[in-house]
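> show me how the following folds:
(2 chains)
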Amino acid sequence: MAKQLDVRGEICPYPMMKTVQALKKLAKEEHELVVITDHAPALDTIPTQAVRLGFSVEIQETGSPEWQITLTRKP
Amino acid sequence: MQAKGTNSLLGFGVRPSEGQTVGQTGNQRFWSGLVAVLVAVGVYAFANANETRMGLFWVLGLGFGAVLQRSHLCFASAFRDTFLLGQGRNLKGIIIGLAVATAGFAALMARQVPNTALGTFPPDAHVLPIGLHTIFGAVIFGFGMVLAGGCVSGSVYRMGEGYVASWVSFLGIIFGLLAASFTWNWWYTFTIKDSPRIWLPHYLGHGGAVALTFALLILAYLAVLWWEHRNGAVAPDAPFKGEPETNFRAVLNNLRRRVFVHGWPVLLGGALLGGLNVIAFVSERPWGFTGEISRWAIGISNGLNVGPGNLLGVNLIPGCVLDPGDGGVLNYMLFLVIGMVYGSFLAALFSGEFKIRVPKQKIRFVQAGGGGLIMGYGSGTAVGCTIGAFFSSIPSLGLNGWVWAVCLLIGAWLGTQAIKRIP
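Residues are numbered from 1 along each chain as shown, chains lettered A, B, ... in the order given. Presented below is the predicted three-dimensional model:
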């Protein structure tokens, strides 16, 4: 089960800041972090920061408005 | 945003995303959307019957709000994220908007003031006095907007999207503007009275001023690109993924989702804001609204006999200067401000991005209210917010817009240092 980070209700820039923090804290053997957000601007900010930390990004709309951003460590 | 299924308001016959509980049926969404649009039409009819420009500014307000919402264009993020995170998405959109508005404003001002040697100013252009009040107000404004997570325009459009914290910010902004009105006379005598209004065409002619402004905008754009590149990869906005266009119905459906559901490219959003700003200036005055918000605060407090009373020199300064009003309630600028909230609400409703969002941490309310209060005071002192004193000032070819931008950046940097320490 991948680690989850729920940032629903948070305003800018916290969804992105908390994601970056969580990615940096992710243990070596953990490869995936799932971010749950209802803040559409986070879809523009999180991918760039995640890519720079070596993660790939997949966004899935799961609600109205709610998204799951799956960040996977690149090998 | 794109999804497996969409649950937008306009979505006829679309299936909901997997594993999702849908609160409203498509039918309910259709009817609530229809009612929301009819309300907008009704307000237009009422405003237009009162005064033509009230109707026009209602429509402009709807446009500004909808474009901000659809392109997720946020001025606070532009100044906060560009230089601290190496992400210039929003700032690039704003620079494009400034370029569009500069072209339109310059054409209008060249007709208003054909001979720049006479030393007169174009009426209503946001050429504002530059002084210590500008530096102080813009720096604290930048700090406040980062603390609150949005500037005045950002708070206004997020109010429409259902962010409760932004309503708290807005309340803070109202009280901040009121506080600024109580200290206005001190600031006016101390610095504003003797501060110069510098309009570039007085020194460079119309052509020179426009050329210099465009050169600076291009340089700024290149600087943002360089800075982004220096900081590493930049992920583009999520691309639109439509259904295969095998029949015309699918073509129409993709078009509908591009406009109403998928986020707009930020450069398009910026250009549209610039274009709407030109329409606002051509028909009345450039975009701005802290003056109008101050009119509510000062008007009500004066009405209760606890107001600031007479404000020195406010009728000598254009733009979003504090406005005691004439005691009336309706004003075309009122329709602009309310229209922005409603336009964003409509756009969010159609795209499925409307949601009442309540922050879990109580500290966020303190940040929102405190940041709003600081922004209100800053915009009252520095004569405008990121819109009136920056987005409408640089195209007015006033030097004040550039001074504002630099001070805002310093304030935003200070704000970021603060929020890094608030978990």
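> surely A:I59 forms part of a strand?
Yes - when classified by DSSP: H, G, I helix; E, B strand; the rest coil, A:I59 is found to be part of a strand.
> from B:V210, how far off is the nearest residue to it once chain neighbours are set aside?
Spatially, and ignoring its direct neighbours in sequence, A:I59 is nearest to A:I69 (5.3 Å; C-beta to C-beta, 6 or more residues apart in numbering or on different chains). Backbone N, C-alpha and C define where each C-beta goes, glycine included. For A:I69, the distance to B:V210 equals 43 Å [C-beta to C-beta, to the nearest Å].
> need the three-state assignment for the residue nearest to A:I59.
Reduced to three states by three-state DSSP, A:I69 is strand.
> repeat for B:W226
helix.
> show me where chain B has its helices.
Counting by DSSP state H, chain B has helices at residues B:26-50, B:52-71, B:75-85, B:89-112, B:132-148, B:152-161, B:164-190, B:201-230, B:248-260, B:266-283, B:290-303, B:332-351, B:363-381, B:399-420.
> actually chain A, not the one I wrote
Using DSSP H, the helices of chain A run over A:14-25, A:42-52.
> out of the ones you listed, which one sits most buried?
Ranked by mean neighbour count, those are led by helix A:42-52 with a mean of 23 (mean count of other C-beta atoms under 10 Å in any protein chain shown).
> which residues of the chain score low on pLDDT?
Just going to use chain A. Applying pLDDT under 70 to chain A flags residues A:1.
> try again with chain B
B:1-26, B:83-84.
> tell me which residue is most central in it.
B:S153 (3.3 Å; C-alpha atoms, centre = their mean).
> quick one: contacts for the nearest residue to B:V113 once chain neighbours are set aside?
The shortest distance from B:V113 to any non-neighbouring residue, by C-beta to C-beta, 6+ apart, is to B:P122 (5.1 Å). B:P122 sits next to B:108-109, B:112-113, B:199, B:396 when contact means C-beta atoms under 8 Å, 6 or more residues apart in numbering or on different chains.
> now those residues: which count as buried?
The neighbour count (16 or more other C-beta atoms under 10 Å in any protein chain shown) marks B:108-109, B:113, B:199, B:396 as buried among those.
> which of those lies closest to chain A?
Relative to chain A, the closest of the buried ones among the contacts of B:P122 is B:S396; by C-beta to the nearest C-beta it sits at 28.6 Å.
> would you confirm that B:Y157 contacts B:Q69?
Yes - using C-beta atoms under 8 Å as the test, B:Y157 is close enough to B:Q69 to be in contact (5.4 Å).
> show me the common contact partners of these two, please.
B:S344.
> beta partners for the closest residue to chain B within chain A?
Using C-beta to the nearest C-beta, the closest approach of chain A to chain B is made by A:E61 at 3.1 Å. Beta-bridge partners recorded for A:E61 (DSSP bridges): A:W67.
> distance check, it against B:L255.
Distance from A:E61 to B:L255, counting by C-beta to C-beta: 19 Å.
> which of those two has more neighbours?
A:E61 (22 against 12; other C-beta atoms under 10 Å in any protein chain shown).
> redo the contacts of B:P122 as TSV? Include distance to B:H206.
Below are the contacts of B:P122 laid out as TSV (distance: C-beta to C-beta, whole Å):
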residue	distance to B:H206
B:L108	11
B:M109	7
B:Q112	11
B:V113	8
B:W199	10
B:S396	13
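> would you check which pair of those residues lies furthest apart?
Spanning the widest gap among these are B:L108 and B:W199, at 13.8 Å by C-beta to C-beta.
> what about B:A233, how many neighbours?
13.
> ignore what I typed, I meant B:A418.
Neighbour count of B:A418, defined by other C-beta under 10 Å: 13.
> same check, this time on A:Q4
12.
> what do you get for B:S32?
13.
> just B:P123 next, same as before
B:P123 is flanked by 10 other residues according to other C-beta under 10 Å.
> go on, A:A2?
Counted with other C-beta under 10 Å, A:A2 comes out at 11.
> run through the residues that contact it.
By C-beta under 8 Å, 6+ apart, the contact set of A:A2 is A:30, A:32-34, A:70.
> at 7 Å instead, please
Counting by C-beta atoms under 7 Å, 6 or more residues apart in numbering or on different chains, A:A2 touches A:32-34.
> with B:V314 instead?
B:321-322.
> mind checking how far it is from B:W287?
19 Å.
> need the residues of the stretch 51-200 of chain B near chain A, please.
Proximity of the stretch 51-200 of chain B to chain A is confined to B:72, B:74, B:77, B:80-81, B:85, B:87, B:89, B:149-150, B:163, B:165 under the rule C-beta under 7 Å from any C-beta of the partner chain.
> how about B:L311, nearest residue that isn't a chain neighbour?
According to C-beta to C-beta, 6+ apart, the nearest residue to B:L311 is B:W184 (5.1 Å).
> for the one you found, give me its contacts.
Taking C-beta under 7 Å, 6+ apart as the test, what B:W184 contacts is B:308, B:311, B:322.
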